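*Asks:* here is my input; please provide its structure:
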Amino acid sequence: MSGIQLKNGCIFYYGNPAGYVENEKATIDSIFKSEELENWIKQRKLSPKWTKGVFEKLSKGSMSFGDEVSIVLKDCRIWQLKTDVCPGRKFIGYEELKDKFGEPDKDNYKIAYEGKIETNDLEEIYTKFNLNHPQGFTGHSLSISDVIELYDSTSSEFYYVDRFGFKEIDFEQKEQNQGMNMSI
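*Replies:* Below is the predicted model of the structure:
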């Protein structure tokens, strides 16, 4: 396992908050400048900016990046297909599902997890729900056809777990106002 990690926009160098990433730019405290960290930044196609004092600011716990506050963590729901759903809908890629059955339908899913997790990063969420299931998770390991929802009090974002990566989808319940206006 690498000693360098990116969590919620913050770069950790062997457990130390060394810098942060914004708009394809990595701002890192110059005390951490090393060949290992430079290679890590290049691999991610980020442009480095070595700056004094970043570690001290991040260590104070404010996680402030310049004048902006860090990413606010959203809550997470994991949606998995119900057991009585047609087997043909299960474990297929987004395009195949759309071609055969249309868009993913929320009525075919149940919530397998709802709660807080320590990241908004979809790859990290995928790994967590495959290797280290959090308490309260009642489903199978995250797989193709599952849906990840990141939400807060104002909005929700839904991501279909696809063959390679994730596809943002519109997963909200359709308004069912049809038939409500009856005329005599």
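*Asks:* can you pull the contacts of the most centrally placed residue in the chain?
*Replies:* The geometric centre of the chain, computed from its C-alpha atoms, lies nearest to Leu122 (CA atoms, centre = their mean), at 2.7 Å. By CB atoms under 8 Å, 6 or more residues apart in numbering, Leu122 lies in contact with Ile148, Tyr159, Gly165, Phe166. Placement of C-beta: from N, CA and C, glycine included.
*Asks:* and with 6 Å instead?
*Replies:* Going by CB atoms under 6 Å, 6 or more residues apart in numbering, Leu122 touches Tyr159, Phe166.
*Asks:* ok, then the element right after the one helix or strand in the chain whose mean pLDDT sits lowest?
*Replies:* One helix or strand of the chain scores below all others by mean pLDDT, DSSP states H and E: strand 68-69, with a mean of 44. Per DSSP states H and E, the first helix or strand lying C-terminal to strand 68-69 is strand 75-81.
*Asks:* then that following strand to CSV, C-alphas only?
*Replies:* Provided in CSV are the C-alpha atoms of strand 75-81 (Å, rounded to 0.1, in the frame of the first residue of the first chain):
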residue,chain,number,x,y,z
ASP,A,75,-24.3,11.0,3.4
CYS,A,76,-24.5,7.8,1.3
ARG,A,77,-27.2,5.3,0.3
ILE,A,78,-26.4,2.0,-1.5
TRP,A,79,-29.3,0.8,-3.6
GLN,A,80,-29.4,-2.8,-4.7
LEU,A,81,-31.9,-4.7,-6.9
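*Asks:* contacting residues around that strand?
*Replies:* With contacts defined as CB under 6 Å, 6+ apart, strand 75-81 is touched by 90, 108-109, 111-114, 116-117, 139, 146-147, 149-151.
*Asks:* if I look at Asn120, how far off is Asp75?
*Replies:* Distance from Asn120 to Asp75, counting by CB to CB, to the nearest Å: 10 Å.
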